[in-house]
Every structure is written in C-alpha cells, then in structure tokens.
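Chemist: from the sequence below, what's the structure:
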Amino acid sequence: MTVADLSELTGTLTSWSDSPADLGSARADRSGWSADGTPALIVRAASVAEVQSTVAFAARHGIPVVTRGGATALTGAASAGAGAIVLDLSGLDRILEIRADDQLAIVEPGVVTADLDAAAREHGLFFAPDPGSVGISTIGGNIGTNAGGLRGAKYGVTREAVLALDVVLADGSLVTVGHSTAKGVSGYDLPALFVGSEGTLGIVVRAVVRLLPVPVGLATVSASLTSIEAAAEAATAIGRAGLRPAMLEIIDGPTLGAIDSAFGSALRERGEALLIAQTDGLGAVLEAERVAETVALYAASVEIATDPAAGDELVEARRRALPAIERLGRVLIEDIAVPRSRMAEVIRTVQRIGEESGTMIFVFAHAGDGNVHPIILLEGVEEGEPIPQNALDAADAIFAAALEAGGTLTGEHGIGVLKRQWIGRELGERVHALQGEIKRLLDPQGILNPGKAL
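Modeler: Presented below is the predicted three-dimensional model:
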C-alpha cells in the first residue's frame, strides 16, 4: 500500500502514527522476538467503530492486522512485520460497568488487569485471573492468550472468567458471543473459541467478565526446601491431601539468587527452593495449618503468616522472578504445563537438559496447576541476534519432555511465533489441520495476526 492509499484510512481516524520510531517498536513484544520488515501504520483505536473501519479497510486491500495492547506477549504474538497495520487497543481502556449484584464487569480490552481488580474490590469483589504481568497486561491480552497466573491453582484461567465477548471479525463486522448471565448453553461455546486464539480469529473489543466475592480471611505459608524437585513433590502432596490453596508457587535456588541480587532480599539464604501457598476464605488459617503440616515432611523450615502485608511481600517476591532473571541478560521464556503428579520428574529433566546443553535454566512454577516456567538465559546474546543453537536444542528437549509426560507446550503464554514449529507435534496432524480450517472459516484471507498460533 502507498501513503496515498493509506490516507483513505487515516483520514477517518482519531489517532495514528507512521513514524519510524513507533513502527520500529511495534516489530517486537516482551518476548524480544522481532518480526521481519517494518509495519506500515499504527492505528490507535479510539472507538469500536474505528476498529471496524480499520479491519474492513485491511480486508479490502488484503493487509495484515496485528492487534496490540500492553505488548506483554512472551511468544512474539504481538509483533508486527512488513506492511502490517498495527491495531493498538490500549486506548479502549474503560471499565464500562460493574454489576455488583450480578458479580460481573463489562470492560474494554485496553483495561489493565490490576485496574479492573482494584475497581472490583471497591464493590467487595475481585477479578480472579492474576498473571505475573498483572500491573501492565491488559484484559484483551489476557483473553488472547487465556492467561492464568498466581491464583490459577484455585480460580482457574481467563477462560473461566469470560462470559461474553464483542468481537470484530475479519471483514469488519461486529458480533456478540456468549451470555451476560452466570449460566447459558444456547449454541456453541464461542467465547471459549476466541479466548486463547491470540487475535487470529477476531478482535475482542468488549468483554463481560465474571467477578468473585473477596474472600474473608487470608493466610500465607512459606517453606524453604533443599531443592526445586522437593518443592514440586511437596506441592503434589498438598493436592493429594485434599487441599486447594488459592495460590501455590515454587521457585528454584538460582531464581531466588537473582531476586536477591536485583531487589536486596535474602531468600536464598533460607534454602535452595521456596514454596509459597496462600489460602483464603473463612477457613484460611485452618487450611494453612494443614498445608504447613503437609509441607513440613519435605521442608527444612515452614512459616505461616496471617498478616496480609507479610503475605503480600512473599507474593511480590514471586512476581519479581522473571524481571530479576531478565536483568541478567536476554532470556528465552518457556511455559509448559504437565500433570501435577509428574511435575517433579519433569523439573529434574529440565535441570539435566540445562547441564547437557550448557545453558543456564532458571525454574519457577504455578505448582497448583502444573504450569512450569523454565527460563533459558542467553548469555552474551543481544536483542535482535539469533538464538544460539544450544538454547534452541534445550527448548526442544524441554517441549519433548513435557509432551512425553502427557503435558502441553504452553499453559498460559500461547504459541505465538516462537513455538509454532512444535505445535503439530502436540496436536497431531488431523487436529492441527482442523484448527487451520477454523482459521480459514473466520479469516478466509488470513489477515488477522498471520503467522501466529498455528
């Protein structure tokens, strides 16, 4: 498209940019992966109508459209390449309504996750999905990747919180899928189809999401252990005991060391792994005591904190894990999920892979749902440089280990670009082809986030 051709679109928009600096920054997301070439235009949508007109224009001219919000994607899913229109939805950031009696909120996709949670708490409610990037990620991004997070052990992932969606399809038309009720089974579960589709099937411009009552009571258990494998075994034992904390996280020694170095804490002095379990509700303290009793069989020391501030401090330490590692250099952020019963085994395999490949691999996990994050440090590799072969080989071996254990390539980050070469291995030929058929049905020209997810 020429500048003159694009003026057909830009003349109708409130805000847009074609500056080289803006376009250059849109080539990458938080994963660090950069698309080839430079996008043609950034559209900063000010309304649903502008989203529709942009997509309709792109459809008429066969132009790729890449949707972005907070650009916190960790797999290259929000990276835009040559000639693409970048559709920035961060300006659609209104919380349109909170219906306290119905325990739901109606929001635009650019709402920051933490802002929705804070607004809900003013009504005695909270938004359960809680990704590590909660302070910068947006609801649209959460929906795009089916984000989970720290509270996933008890409250599940974004799909469980989505009731209805307004979606702009690949021709620019607008549809509403789902129900603004607690229950509803009329028709296929189309919201679930769009959740986790990484912007490849449609563009979410409004969401009706479930809120939950803020639990009365909170207690936090912290346990120091001799190894991350022991922490994984302790986490499995918690589930075996019939306990279900709201949060169950484990962090290995190297990650604790990185957190200490970055933020001045002393977590690694207590042990080579840390387990954090948070219980909530009227029986929070009683459940925490039972968690502590279970973990004590595996741990060097166990503590229970009923002071919310102390609990918040531990949770904040967990949120600092990835930023702390990123301070050491460029990283390849992996995201596998495995059956909880095989989590310790897979973590042992990950550690062996690191040794055999000569790579430094940090490990932390949402242990309550078996979501393991091996983080491969790319020592001496600058942004934009190719990922070293030994790191790619390590990632390949990690994915193979996850699949062999009955797991998946991704628990919450999505496939994006970085994992596309492996997805056929997990899905199988027929299911992989079926997903391509769904994509072609909803996006026959293939203009929505092309080259991602499939």
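
Chemist: what kind of secondary structure is the spatially closest residue to Ala262 that is not a sequence neighbour in?
Modeler: If the residues on either side of it in the chain are set aside, Ala262 comes closest to Ala324, at 4.1 Å by C-beta to C-beta, 6 or more residues apart in numbering. For every residue, glycine as well, the C-beta is placed using N, CA and C. Assigned with DSSP: H, G, I helix; E, B strand; the rest coil, Ala324 falls in the helix class.

Chemist: look up how far Ala258 lies from Ala324.
Modeler: Counting by C-beta to C-beta, to the nearest Å, the gap from Ala324 to Ala258 is 4 Å.

Chemist: let me see the contact set for the residue nearest to Ala262.
Modeler: Contact analysis of Ala324 by C-beta atoms under 8 Å, 6 or more residues apart in numbering lists Thr255, Ala258, Ile259, Ser261, Ala262, Phe263.

Chemist: before we move on, what about Val51?
Modeler: If you count contacts by C-beta under 8 Å, 6+ apart, then Val51 has Ala45, Leu87, Leu89, Leu92, Val168, Ile203, Val205 around it.

Chemist: generate a PyMOL selection restricted to the buried subset of these.
Modeler: The following PyMOL line selects those of the contacts of Val51 that are buried, judged by 16 or more other C-beta atoms under 10 Å:
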select buried, resi 45+87+89+92+168+203+205
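
Chemist: in strands, which of the contacts of Val51 appear?
Modeler: Leu87, Val168, Ile203, Val205 (DSSP state E).

Chemist: tell me the pLDDT at the last one?
Modeler: Val205 is assigned a pLDDT of 98 by the prediction.

Chemist: so what's it up against?
Modeler: Val48, Val51, Leu89, Leu92, Glu108, Pro109, Asp166, Val167, Val168, Leu174.

Chemist: of all these, which comes closest to Leu211?
Modeler: Leu211 lies nearest to Glu108 out of the contacts of Val205, by C-beta to C-beta, at 16.1 Å.

Chemist: ok, and the most crowded of the contacts of Ala324?
Modeler: Ile259 (28 neighbours; other C-beta atoms under 10 Å).

Chemist: for it, which non-adjacent residue is spatially closest?
Modeler: Per C-beta to C-beta, 6+ apart, closest to Ile259 is Ala324, 4.5 Å.

Chemist: mind checking how far that neighbour is from Pro191?
Modeler: 35 Å.

Chemist: poorly predicted segments of this protein, please.
Modeler: Scanning the chain for pLDDT under 70 picks out the ranges 1-4.

Chemist: got the domain boundaries for it?
Modeler: If you go by automatic domain parsing, the domain ranges for the chain are 3-88, 95-213, 218-321, 329-427.

Chemist: now these in JSON lines, with distance to Ile438?
Modeler: Shown next, in JSON lines, are these (distance: least, C-beta to C-beta, whole Å):
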{"stretch": "domain 3-88", "distance to Ile438": "17"}
{"stretch": "domain 95-213", "distance to Ile438": "7"}
{"stretch": "domain 218-321", "distance to Ile438": "34"}
{"stretch": "domain 329-427", "distance to Ile438": "12"}
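
Chemist: so which of those comes closest to Gln445?
Modeler: Comparing the domains of the chain by C-beta to C-beta, domain 3-88 comes nearest, at 5.8 Å.

Chemist: off-centre distance for the closest one?
Modeler: Distance of domain 3-88 from its chain centroid, counting by C-alpha atoms, centre = their mean, to the nearest Å, is 21 Å.

Chemist: if you count neighbours, what's buried in stretch 272-285?
Modeler: Glu272, Ala273, Leu274, Leu275, Ile276, Ala277, Gln278, Thr279, Asp280, Gly281, Ala284.

Chemist: farthest pair within these?
Modeler: Most distant of the buried residues of stretch 272-285, by C-beta to C-beta, are Glu272 and Gly281, 31.6 Å apart.

Chemist: how close does Thr42 sit to Leu409?
Modeler: One thing to correct before we go on: residue 42 is Ile, not Thr. Distance, Ile42 to Leu409, by C-beta to C-beta: 30 Å.

Chemist: same check on Thr75?
Modeler: From Thr75 to Leu409 the distance is 10 Å (C-beta to C-beta).

Chemist: same deal with Leu427?
Modeler: 9 Å.

Chemist: which of those two has more neighbours?
Modeler: Set side by side, Leu427 and Leu409 show more neighbours around Leu409, with 24 against 16, by other C-beta under 10 Å.

Chemist: contacting residues for that one?
Modeler: Asp335, Ile336, Phe399, Ala402, Leu403, Ile415, Lys419, Trp422, Ile423, Glu426.

Chemist: could you list which of the residues you listed belong to strands?
Modeler: Ile336.

Chemist: which one of the contacts of Leu409 sits closest to Val372?
Modeler: Closest to Val372, out of all of the contacts of Leu409 and judged by C-beta to C-beta, is Ile336, at 5.3 Å.

Chemist: tell me how many other residues surround the closest one.
Modeler: Around Ile336 there are 25 residues (other C-beta under 10 Å).

Chemist: which residue is the nearest non-sequential neighbour of it?
Modeler: Ala402 (3.8 Å).

Chemist: my guess is the one you found contacts Thr349. True?
Modeler: No. When contacts are counted by C-beta atoms under 8 Å, Ala402 is not listed as touching Thr349 (9.1 Å).
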